[in-house]
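Colleague: Just to be clear, the model below is a prediction. Sequence and coordinates:
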Amino acid sequence: MKHTLSVLVEDEAGVLTRIAGLFARRGFNIESLAVGPAEQLGISRITMVVPGDDQIIEQLTKQLYKLINVLKVQDITEVPCVERELMLMKVNASSANRSEVLELAQIFRARVVDVAEDSLTLEVVGDPGKMVAIVQVLNKFGLREIARTGKVALTRESGVNTEFLKLLESKVEGLGTRG
């Protein structure tokens, strides 16, 4: 299972290197990594997606707390969160298929950020599932390049789990079509 960890660290040189080294020494892969300033000056938030079971993640959390400069580690996998990722993608788009590429991009609310004679560069923002979906849909045209930021996430203060609401909504819609 993939876990999302939110780690608050002091904004000091070498913190990310020490964290990456900890994972490397234990043979763990970081599938997604995003780092940036947090709400407080001098503090950064690291959001990581790491594969592993609950026991492994618990052990990694304990090891992270042993590192200097690590202030807080939170496994937010099962916590209601807002998750987003940014992706830039360069797609083949000749005059013959450009309108179809644009139509599909619009469905995903992707923005065109560069236009060339035979390609379009799109900016896509959304949850990681959206990124996978648009790649699958546009792959048939030929993807020249993709750059992704990695997932960033914050827990929902409302506590509302939107995944649960989507599931509930689909069940209610299914009941309504039985009439």
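Modeller: Sure thing, it's come through. Treat the numbers as computed from the prediction; the structure is a model and nothing was measured. Residues are numbered from 1 along each chain as shown.
Colleague: rest of the way, CA atoms for contacts and neighbours
Modeller: Will do.
Colleague: Can you give me the domain boundaries for the protein?
Modeller: According to automatic domain parsing, the chain comprises the domains 2-79, 82-153.
Colleague: can you tell me which residues contact the nearest residue to Glu12 once chain neighbours are set aside?
Modeller: Excluding the flanking residues, the one nearest Glu12 by CA to CA, 6 or more residues apart in numbering is Asn69, at 7.5 Å. Asn69 makes contact with Val9, Glu10, Asp11, Glu12, Val15, according to CA atoms under 8 Å, 6 or more residues apart in numbering.
Colleague: same deal with Gln74?
Modeller: With contact set as CA under 8 Å, 6+ apart, Gln74 has these partners: Leu5, Ser6, Val7, Thr61.
Colleague: Quick check: the two most widely separated of those residues?
Modeller: Greatest spatial distance in the contacts of Gln74: Ser6 and Thr61, 10.4 Å, computed using CA to CA.
Colleague: Quick check on those two: which one has the bigger neighbour count.
Modeller: When neighbours are counted by other CA atoms under 10 Å, Ser6 and Thr61 differ, and Ser6 comes out ahead with 23 against 17.
Colleague: how about the more buried one, what does it touch?
Modeller: Residues counted as contacts of Ser6 (CA under 8 Å, 6+ apart) are Arg45, Ile46, Thr47, Met48, Val73, Gln74, Asp75, Ile76, Ala153.
Colleague: residue ranges with poor pLDDT in the chain?
Modeller: 162-179 (pLDDT under 70).
Colleague: quick one, helices of it?
Modeller: Under the criterion DSSP state H, the chain carries helices at the ranges 15-25, 54-66, 98-107, 128-138, 162-176.
Colleague: Can you give me the buried ones in the shortest one?
Modeller: Neighbour-count burial for helix 98-107 flags Arg98, Val101, Leu102, Ala105 (criterion: 16 or more other CA atoms under 10 Å).
Colleague: Same check on the fourth one?
Modeller: Neighbour-count burial for helix 128-138 flags Pro128, Met131, Ile134, Leu138 (criterion: 16+ other CA under 10 Å).
Colleague: Tell me if I'm right that Ile146 and Leu88 touch.
Modeller: Yes: using CA atoms under 8 Å, Ile146 is in contact with Leu88, at 5.8 Å.
Colleague: Would you mind telling me which of those two has more residues around it?
Modeller: Remark: of Ile146 and Leu88, Leu88 carries more neighbours, 19 against 13, as counted by other CA under 10 Å.
Colleague: Leaving out the residues flanking it, which one is nearest to the more buried one?
Modeller: Residue nearest to Leu88 in three dimensions, not counting chain neighbours: Glu123, with 4.7 Å by CA to CA, 6+ apart.
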